[in-house]
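Q: Following is a predicted model, sequence given first.
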Amino acid sequence: MTLPDHEQCRAQTSGTESHVTSLVEKARAGSAAAFEQLVNLYQDKIFRMTYYRTRSRMDAEDLMQEIFIKAFKNLPKLRKSEMFQAWLFSIAVNRVRDFQRKKKVLSLFGTLSEADEFDQPDASTLDNPDALNHLIRQDFWRHVSLLLDKLSRLEREVFLLRFMDHLRIAEIAQVLNRSESTVKTHLYRALKKFKEEQALHKLLEVGAS
């Protein structure tokens, strides 16, 4: 008997979560190989999460390494193995916040330039047939970053965790130590502000044409 698509998806998700839980328990028991498998499973998600927030590949890679090192050291403190993903993202969110605070302090002393805020495009890309799309994407992310700066801290974090990191509402609530209703409220506010940003709509229309 063939299961409906949504039931197949649910079964696959359940199987993946069981596999992760098993790996976490083995890693907590001292298995370096199990933790390495966890890193392989989550490194793309954590890199994406740090890159969305720093817009720098080098910073994102450095932060990703630091996050996994901290996770490895603190793994014995994780009480529920099935909550590993939310716990890992909690570590990541806090580490990125620390990084951003430090970056702001350093910028006050002139140790960072505006060029450091975004990865700069290679001049050679201008000779590429896809250069226009590249610049459109870069302009889009610049507008996204500017709009994110206008959101409250909680609105920004909820938006990124939901749409960039693809966490569920319940996971976001755990990561941020907030109720699900609070998460939903701030997500609604962030979405409302994004929908009102006309510059982003124009860029999306250009990119789709």
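A: Great, that's in hand.
Q: what about Arg162, distance to Glu180?
A: Distance of Arg162 to Glu180, given as Cβ to Cβ, to the nearest Å: 12 Å. No exception for glycine: its C-beta is placed from N, CA and C like everyone else's.
Q: Could you tell me which residues touch both of the two?
A: The contact sets of Arg162 and Glu180 overlap at Ile169 (Cβ atoms under 8 Å, 6 or more residues apart in numbering).
Q: What pLDDT is listed against Thr125?
A: As predicted, Thr125 sits at a pLDDT of 37.
Q: quick one: which of Arg162 and Glu180 has more around it?
A: Taking other Cβ atoms under 10 Å, Arg162 and Glu180 do not tie; Arg162 has more neighbours (20 against 13).
Q: For stretch 182-192, which residues meet the burial criterion?
A: Buried residues in stretch 182-192, counted by 16 or more other Cβ atoms under 10 Å: Val183, His186, Leu187, Arg189, Ala190.
Q: quick one: contacts of that stretch?
A: Leu151, Ser152, Leu154, Glu155, Arg156, Val158, Phe159, Arg162, Ile169, Ile172, Ala173, Leu176.
Q: Can you verify my assumption that the first one contacts Phe159?
A: Yes: here Leu151 reaches Phe159: they are 6.8 Å apart, a contact under Cβ atoms under 8 Å.
Q: Compare these two and say which one has the larger neighbour count.
A: More neighbours surround Phe159 than the other of Leu151 and Phe159, with 22 against 18 (other Cβ under 10 Å).
Q: Need the distance between the two termini of stretch 73-91.
A: Length of stretch 73-91, first residue to last, Cα to Cα, to the nearest Å: 12 Å.
Q: For the residue lying closest to Glu197 once chain neighbours are set aside, give me the pLDDT.
A: Excluding the flanking residues, the one nearest Glu197 by Cβ to Cβ, 6 or more residues apart in numbering is Leu147, at 5.4 Å. Here, the pLDDT recorded for Leu147 equals 78.
Q: Could you check which helix or strand contains Leu147?
A: Assessed by DSSP states H and E, Leu147 sits inside helix 131-150.
Q: Next SSE downstream of that helix?
A: helix 153-159.
Q: And Arg168, its phi and psi?
A: Taking degrees, to the nearest 10, you get phi -80, psi 160 for the backbone angles of Arg168.
Q: In the protein, what helix or strand scores lowest on average pLDDT?
A: helix 198-208 (a mean of 54; mean pLDDT, DSSP states H and E).
Q: Can you redo the buried residues of stretch 182-192 as JSON lines, where the extra columns are secondary structure, distance to Trp87 and pLDDT?
A: Putting the buried residues of stretch 182-192 into JSON lines (DSSP: H, G, I helix; E, B strand; the rest coil; distance: Cβ to Cβ, whole Å; pLDDT from 0 to 100) gives the following:
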{"residue": "Val183", "secondary structure": "helix", "distance to Trp87": "17", "pLDDT": "94"}
{"residue": "His186", "secondary structure": "helix", "distance to Trp87": "21", "pLDDT": "94"}
{"residue": "Leu187", "secondary structure": "helix", "distance to Trp87": "21", "pLDDT": "90"}
{"residue": "Arg189", "secondary structure": "helix", "distance to Trp87": "26", "pLDDT": "90"}
{"residue": "Ala190", "secondary structure": "helix", "distance to Trp87": "24", "pLDDT": "88"}
